[in-house]
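Engineer: I would like the atomic coordinates for the input below:
(2 chains)
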Amino acid sequence: MEPVRLEIAPEVDLDYVRSDKFKTGTLSVQLITPLDEKTASFGALLPSVLRRGTMSHPDMRSLSTALDLLYGSSIGCTVRKKGENQCIGFAASFIDEAFVPGGEKLLEPMCDLLGELLLDPVTRNGRFLNDYVESEKQNLIDAIRGIINDKRDYADLRLLQEMCRGERYGVDKFGSIARVEKITNQTLFRYYQELLSTAHLELFYCGSARRERVEEAISRAFAPLQRGRVVPPVIAEKKNAPETPHEITERMDVTQGKLSMGWRASTNDAPAMMLANLIFGGYSNSKLFLNVREKLSLCYYASSSYHRSKGIVTVSSGIECKDVETAKREILAQLASVQRGEFEDWEVEGARACLIASLESRGDSAGRMEENALGQAATGIRETADELIAALRAVTNERIAEAAQSLTLDTVYFLTGEDSRDE
Amino acid sequence: MRKATPHRETVLEKTLPNGLKIFIVPKPQHRKKYAFFATRYGGMDMQFIRNGEKCDTPAGIAHYLEHKMFDTKDGNALQVLSQNGAEPNAFTSNAMTGYYFDCTEHFEENLRILLSFVSVPYFTDESVEKERGIISQEIRMVEDSPDWQVYEGFLPACTARRPRACPSPERSRALRASRRKRCMTATMRSIARPTWHCASSATSIPTR
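Structural biologist: Numbering: from 1, shown residues only, chains lettered A, B, ... in the order given. Modelled structure (predicted):
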């Protein structure tokens, strides 16, 4: 099941999936803008300020009532990173009209509400309401402060910040507390106006409504959008690893150490790199799982991810602090064996089956289809699930080893509870 | 078998003579198939009666058992399922243990593997010992999680009796207390008998 891609207006695209297998319809509106240290906090703040009220529903209570009258529909704010772009907007969920009594229409009012949230926020003297801006700034600051509560996410984020310092990829999608604090109502409003006029707008619909109806409802709801010169999404820049890998150790009051490692992948053979990553550490049959966890009992989790659009591979693991050198050595040894082509048929076929199963079942989830459509729009990597499946089937063992050989270690980040004085 | 059809859904239900309840929800439009095996045995079930006698088990054993049930005489069921492109996993909560997988191919074979490894225990001293490091790291991971700490602190505060308040990835000190590996293996063998790990306490929901 693949979305049909339709151009609603210049740089306003709709990915449309007609399906009656879901009981809820999905409608998403996303602005895609290059991720930038200076503007990331503005982008992260904007949807939650807009979500506070529109001219016709100026507060949360009025908005909630409107959604309740649409049979408990929901609209959530989204802030995502896709490649080196920040994607911000709203995702709406509402029951399929087949279940609504009396043939009442939900699609049109939902489109109108999303259009209002994006284009017609409640304003006073040409600005947002101060209360809304200030309270949402505080919420965002709390969210950024909260990242540290999940040490795994925190360590993985710190790895990317250190490894991709000075690159868009190293910027967190929420920006930073210092940047949020500096935002004023005036600067946020200016950012909002500029974003609306210059960002690529990506829409996604999945549900039972006919294509013409969806196009018409969206065109009407977003007709007031004033466009200037659109800045297209950026293609992520690929870099080489430094001659000597960066090593960063940070100390914190933790019981489990977090070891995160990052490599640059110079290969352009993405299907082979996907398989190499799976064999290395991408699932529960990988070398990292079978050796670092099952054989050596060093950890509960040690897994790798291939960030395809950026051309990097990262490993994330939670270990006993004192075991860091053993774990690092073992992770490197497992990668080296993939690079030497030391993998059995069951390893390759298991990895291939796992990736293919994931692609085949993408159409079972409207959320995954939306994620994928947005990712394709933001990164410019265009391919259907069937095309990628065919490409994966054609990958040889030699290509997998070659892809793995293109990895060069860039950065090692270690979060430890051990005090340096004890060492 | 009973059919219920609220909102375009069909649920097929059957209870086998041994007490196992089976629920089937067909999803003909979906590629993914999903099966879940649940058993009424969890972290708080620390004491049981066998042959009229009370037996105590160490805190943490339900979770330990969940990890080790994947071991089979031929190796490890997790790996076989993964090789078939399935995504298997399991969890232990206070009152139940759940094993599940999803896949797009080889569903029947995968279901047979699931039903086999959850009902045929195979432990050795070595494999039980080896798991200790893995589980210890799982516990240490949640020790760093504020959400989990709040939950763990809250339970004893609102329940009078300690065992009820024993959460599933139980404390590592309880695990460390069960150092004697032969004792651990023997205890696990005894609780993995069918009285606990199958039949009347399990539920299976394959789809399609």
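
Engineer: ok, which stretches of the stretch 51-200 of chain A are strands?
Structural biologist: Taking DSSP state E, counting those that start in this stretch as the test, the strands found in the stretch 51-200 of chain A are A:74-82, A:85-95, A:123-124, A:127-128, A:200-207.

Engineer: between those strands, which one is nearest to chain B?
Structural biologist: Chain B lies closest, by Cβ to the nearest Cβ, to one member of the strands of the stretch 51-200 of chain A: strand A:85-95, at 9.7 Å. No exception for glycine: its C-beta is placed from N, CA and C like everyone else's.

Engineer: elements contacting the closest one?
Structural biologist: Judged by 3 or more Cβ pairs under 8 Å, 6 or more residues apart in numbering or on different chains; DSSP states H and E, strand A:85-95 is in contact with strand A:24-34, helix A:40-50, strand A:74-82, helix A:107-119, helix A:366-379.

Engineer: of all those, which lies closest to chain B?
Structural biologist: Closest approach to chain B among those (Cβ to the nearest Cβ): helix A:366-379, 10.6 Å.

Engineer: tally of neighbours for residue A:189?
Structural biologist: When neighbours are counted by other Cβ atoms under 10 Å in any protein chain shown, residue A:189 registers 18.

Engineer: what's around the nearest residue to residue A:417 once chain neighbours are set aside, how many residues?
Structural biologist: Nearest non-adjacent residue to residue A:417, counting by Cβ to Cβ, 6 or more residues apart in numbering or on different chains: residue A:254, 4.2 Å away. If you count neighbours by other Cβ under 10 Å, residue A:254 ends up with 21.

Engineer: where's residue A:254 relative to residue A:177, distance?
Structural biologist: As judged by Cβ to Cβ, to the nearest Å, residue A:254 and residue A:177 stand 21 Å apart.

Engineer: also residue A:264?
Structural biologist: In this structure, residue A:264 and residue A:177 are 29 Å apart, going by Cβ to Cβ.

Engineer: do the same with residue A:212
Structural biologist: Here residue A:212 is placed at a distance of 47 Å from residue A:177 (Cβ to Cβ).

Engineer: higher neighbour count, these two?
Structural biologist: Relative neighbour count places residue A:177 above the other of residue A:212 and residue A:177, with 15 against 8, counting by other Cβ under 10 Å.

Engineer: what are the neighbouring residues in contact with that one?
Structural biologist: Listed by Cβ atoms under 8 Å, 6 or more residues apart in numbering or on different chains, the contact set of residue A:177 reads A:141, A:144, A:145.

Engineer: could you dump those into JSON lines with pLDDT, neighbour count and distance to residue A:298 added?
Structural biologist: Shown next, in JSON lines, are the contacts of residue A:177 (pLDDT from 0 to 100; neighbours: other Cβ atoms under 10 Å in any protein chain shown; distance: Cβ to Cβ, whole Å):
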{"residue": "A:141", "pLDDT": "98", "neighbour count": "18", "distance to residue A:298": "37"}
{"residue": "A:144", "pLDDT": "96", "neighbour count": "19", "distance to residue A:298": "32"}
{"residue": "A:145", "pLDDT": "96", "neighbour count": "10", "distance to residue A:298": "31"}
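
Engineer: of the residues you listed, which are in range of chain B?
Structural biologist: Near chain B, taking Cβ under 8 Å from any Cβ of the partner chain as the test, no member of the contacts of residue A:177 is found.

Engineer: hang on, the earlier thing: for the residue nearest to residue A:417, give me the backbone phi and psi.
Structural biologist: Note on residue A:254: its backbone torsions stand at phi -120, psi 150 [degrees, to the nearest 10].

Engineer: doesn't residue B:144 make contact with it?
Structural biologist: Yes: using Cβ atoms under 8 Å, residue A:254 is in contact with residue B:144, at 5.0 Å.

Engineer: chain A versus the residue positioned nearest the centre of chain B, what's the distance?
Structural biologist: Among the residues of chain B, the one closest to the centroid is residue B:97, at 3.2 Å (Cα atoms, centre = their mean). As for residue B:97, its distance to chain A is 17 Å (criterion: Cβ to the nearest Cβ, to the nearest Å).

Engineer: quick one: contacts for that residue?
Structural biologist: B:38, B:39, B:41, B:42, B:62, B:65, B:66, B:90, B:91.

Engineer: burial of the last one, as a residue count?
Structural biologist: Looking back up the chat, that one is residue B:91. Residue neighbour count, defined by other Cβ under 10 Å, stands at 14 for residue B:91.
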